[in-house]
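A.B. asks: no sequence on this one, just coordinates:
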C-alpha cells in the first residue's frame, strides 16, 4: 500500500512526498511504529530541498487523518543513513533492515521491512542528499519554519552548514554524505547500494553489517564467470542496472527449465480464529502434529484482538503474545527463522523457514487489503506474504471474509477485492506490481466464513453425529460458489473429513449454546493453486479449546524449482554470447493499437477501463509514462496507467490498461467544472521517441463530492440541472444563506442525506452491526444513482449498503459537517458539553442543521448502536483537520471522538 498518499494530504502547497515507508523506531528497549516520508520542496530559484518527516500513525495510513507529525529531520549536508546490524545476527534474506540515521544533532535507529518499498525509499533519499560540492549553496530549510510555528514542541533540528561526513565502513549501505552518485557501487544482495570506496576503522564491533557469508560476492557484471548457483536468486532480484542486464534476466526466466530441477519441500499451513483471546495452551498439538519437521511454516490468525482500540488505533499486545506462542510451538526437531510477520487489525500471518533454507528465500514482500466498512476498515480483509523460494514464486494469503449466513455475496466480493487490490512491488521498479495470481504457488487460508445453507441446526448436528460429512458438504456455501465459478476459480481444496470448526462454546467441544445458537459450519479453510503440489493431510485440531473456532492445518509436499549451478552457468553463457551478436545501436520503435481514449458518462466511484496494446519492433526497450513539464505526475489524479512502465523484448506485446476512477479527492472539481475528463499522456521509450495519448470524456455530476450548502440549494436532482447551474452552486461561498442573500428558498438539509437517513430509520431499526458491516458495491452504485436522479422510490438495497453510502457521502464532503474553521475549538471544548454546544451553534446554518439531524437519528435509533463505535467512526468523518494544516496526534484524535460522544449521550 502506498502510504505516501496519506502524508501528501498533510503537506502544504509546494511540498511533495515521492516515497514513504513504514518502520519501527528503536530507542533502547522501546519499539514504536513510525511512518517515514521523504518530502521535497521546490525553491523559487529552481532548486529543491528535502526533509524526512516522521509520523505516528494508525495501522492503516490511508488518509491524512490517519497520521500525526512527530519529528522532522532536514536532509542537510551532514545527513547520513546507513545499514547496521548487531554482531552475530543471522542473516536472513527477507528479514527487516536496520537503518541508522545520523546528523550533527541527532542519531536515530529504525527497522524497515525488507523489500522493494524500502529499497526505493532509500534510493530516493540517496538522490535527495545535497552532497559536498562547495559551489552549491547550503540548504536553508526556510520552508520548514511553518512547522515550528504550528507545533512548537515538534522536534526539528536546526540545519547547519557543511560538515565533514561521518565515516563509512566496509559493507555498509551508506546513503548521504557524498551525494547520490551511484557509479562504482555494487549490489550487496538486498538491492541496497554499498559504497566500497569509503572506509573507516572505528565503528563499534556491535554495529558490524550483517553479511551472508554463504554467498559469493556478486560483481554486478552479468558476463562474470564467478556467478554461481547461490547468487542466482540475487541476480534475478537486483535493481536493473542497464538494458543489457534486463534482457539477460528476461531470457533467464524464459529458459528456466533448462537449468532447474524439481525438489519437494514440506509446507505446514495453519489457520486459527482465536476470537480475541490470548494464548492459554501450548500450540504444539496444532503446529507439530507430524513426525517430520516442516521446511516452511505459514501460520494465520483471525480475530486476534476484538477490542475497539485495536480496530481504530494502534498496535495490540496480542500480536506479541501469539507470535511467542507460535515460535514456542514449532516442531522441536528443527531450528526456524522468522521470515515475515504481517498484521491488519486482527488478521495476522507468520512465515517461518528452517534456518538452512533462509539463504534461498528472496524477494519477500507483504501487503494488506481491508474490505471492511468504506473499503478500508481492517476488521475484514486479507494479508499476504509473497517470496521467492529457490526459483519458485510463492504467495500466501490469510483472509477473514464477511460474516453471517446470508452474506455469501459479500464474501464473494471480499475475495475479489483482495485479489484485485493486493499488489506487491517488484525489486525492479521498471516492472509492474505483482498480483496474487502471478505466482507459481498460491496458498490461501483463513476464516472464509462460508456457511452451511438450507439445513436447520438440528439436521446439521445430526449429520455431523453420523459423520456423514459428504452429505453435509453438498450444502456448503463455498463448494456451491466455487462450482458456480464466482470465487477461487482454479483453486483446489482437499476432502473435508473433519467436523465443522465453528461454532463451539469457548473452552469446550460443545456446539454453541448461546441465544443465537449458530449452526455448525466449515468456516476455516485452506485452498491451493499451482503445479507440483501434493496435500498430505487436512484436519482440524479438537484438542485446542481457547476459541469458539478450532484450528485447521494442512501439510503439503510442494515441488520447488531449484537451480543447477552448472546448467545455470551454461545457460547464462549462451545468453551472453547471443547478446554479443545482437546489434543494439538501432533506435527502439513501437506501435500502439490505440492513441485516443474516450470515457463516456463517468460516475462517482465507478471504475472505467480502456486498454491498448504496445507492440515492440526488433530492438529491446524500456517504456514509461513520463511527467509533462511542471507537473508532479504523468497523469491527473483520477487516471492511472497499469502498468505505467515496463520492458519489452523484440517482437513482443504488452497490454496497458487506463483506469479512470473518481473519488472524494477529485469529485468536487469535476462537479464544479474546474476540472474535466481531459488529459494527455506521454509514453517515453528509453533511447527512443515519445508517443502522445489523448484522454477525453464526460463526468456525470453527483451529490457525492458536493458541498452541503450547495445541495441545500439544489431542489431538483443534480442530474436534472444544467452544468452551468451546478458549477455556480458548487462554487458558492460556504456562508451563503447566513448573510441575507436572496437566492431561491433552500432546504434545511440536503434531500439526499434525508433520503438515506429516512431509509435507515424505516428499515434498519433492528439491524445488527449497522455502520460496522460493509455493503455490496453494486448496491452502493444503485444508491448513488437513485440519489443523483431523485428516483427514491426505486431505492432497494441492504441496510448495510445504504449505511455505507451514508458514510461515503459524509467522507466525500469537501467541507465537513463541522467546518474546518471550528475544528480546533471543538478539540478544546471536548469534555465540556455546554461549551461544545456553543461551538456547534456558530456553524453555518445548513451545516448546523445536518449535525443536529444526524445526532438525533443516532440517538433515536432503536437498535442500540454502540455509542463508542459510532463516536469513533463519525469522529473522523464529521470532524476533519483543516486542509493544509498538520495532522494531530492520537490523543487529539481521541478528543475529536469524545466531542462526538458527548452529543450521543446527552440531550441535544
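C.D. replies: That came through fine. Bear in mind that the values here come from a model prediction, so they are computed numbers and not experimental data.

A.B. asks: Please count neighbours and contacts with C-alpha atoms only from this point.
C.D. replies: Fine.

A.B. asks: Tell me how this protein divides into domains.
C.D. replies: 3-130, 257-563, 590-699, 815-907 (the TED database).

A.B. asks: Could you tell me the least trusted of those?
C.D. replies: Lowest mean pLDDT within those: domain 3-130, a mean of 81.

A.B. asks: beta partners of residue 31?
C.D. replies: residue 26 (DSSP bridges).

A.B. asks: can you offset everything so residue one is 505?
C.D. replies: Understood, numbering begins at 505; the last thing we discussed is residue 535.

A.B. asks: What about it, how many residues nearby?
C.D. replies: As a burial measure, residue 535 scores 13 neighbours (other CA atoms under 10 Å).

A.B. asks: All the strands of the stretch 705-854 of the chain, in order from the start?
C.D. replies: 764-777, 800-806, 840-848, 851-858 (DSSP state E, counting those that start in this stretch).

A.B. asks: Save the domains of the chain as TSV, and put in distance to residue 1278 too.
C.D. replies: Below are the domains of the chain laid out as TSV (distance: least, CA to CA, whole Å):
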stretch	distance to residue 1278
domain 507-634	17
domain 761-1067	4
domain 1094-1203	15
domain 1319-1411	13
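
A.B. asks: Please name the residues that touch residue 1259.
C.D. replies: 1291, 1296 (CA atoms under 8 Å, 6 or more residues apart in numbering).

A.B. asks: is it fair to say it lies in a helix?
C.D. replies: Yes: the assignment for residue 1259 (DSSP: H, G, I helix; E, B strand; the rest coil) places it in a helix.

A.B. asks: Rebuild the strands of the stretch 705-854 of the chain as a markdown table, extending it with distance to residue 648 and mean neighbour count.
C.D. replies: Output for these, formatted as a markdown table (distance: least, CA to CA, whole Å; neighbours: other CA atoms under 10 Å):
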| stretch | distance to residue 648 | mean neighbour count |
| --- | --- | --- |
| strand 764-777 | 47 | 20 |
| strand 800-806 | 43 | 26 |
| strand 840-848 | 33 | 22 |
| strand 851-858 | 38 | 24 |
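
A.B. asks: between these, which gets nearest to residue 1104?
C.D. replies: strand 840-848 (37.2 Å; CA to CA).

A.B. asks: quick one: contacts for residue 1383?
C.D. replies: 1320, 1321, 1322, 1323, 1324, 1327, 1400 are the contacts of residue 1383 under CA under 8 Å, 6+ apart.

A.B. asks: go on, residue 1150?
C.D. replies: 934, 935, 936, 1126, 1127, 1128.

A.B. asks: Filter those residues down to just the ones in helices.
C.D. replies: Among these, the subset assigned to helices under DSSP state H is empty.

A.B. asks: Nearest to residue 582, out of those: which one, please.
C.D. replies: Relative to residue 582, the closest of these is residue 934; by CA to CA it sits at 31.4 Å.

A.B. asks: I would like the residues contacting stretch 1190-1204, please.
C.D. replies: For stretch 1190-1204, contacts defined as CA under 8 Å, 6+ apart pick out 1091-1093, 1099-1108, 1125-1127, 1174-1175, 1180-1188, 1223.

A.B. asks: just the buried members of the residues you listed?
C.D. replies: 1092-1093, 1101, 1103, 1106-1108, 1125-1127, 1174-1175, 1181-1183, 1185-1188, 1223 (16 or more other CA atoms under 10 Å).

A.B. asks: Among the strands of the stretch 705-854 of the chain, which comes closest to residue 521?
C.D. replies: Nearest of the strands of the stretch 705-854 of the chain (CA to CA): strand 840-848, 24.2 Å.

A.B. asks: and the closest one, what other elements does it pack with?
C.D. replies: On a contact count with 3 or more CA pairs under 8 Å, 6 or more residues apart in numbering; DSSP states H and E, strand 840-848 meets strand 851-858, strand 865-874, strand 885-893.

A.B. asks: All good on my end, thank you.
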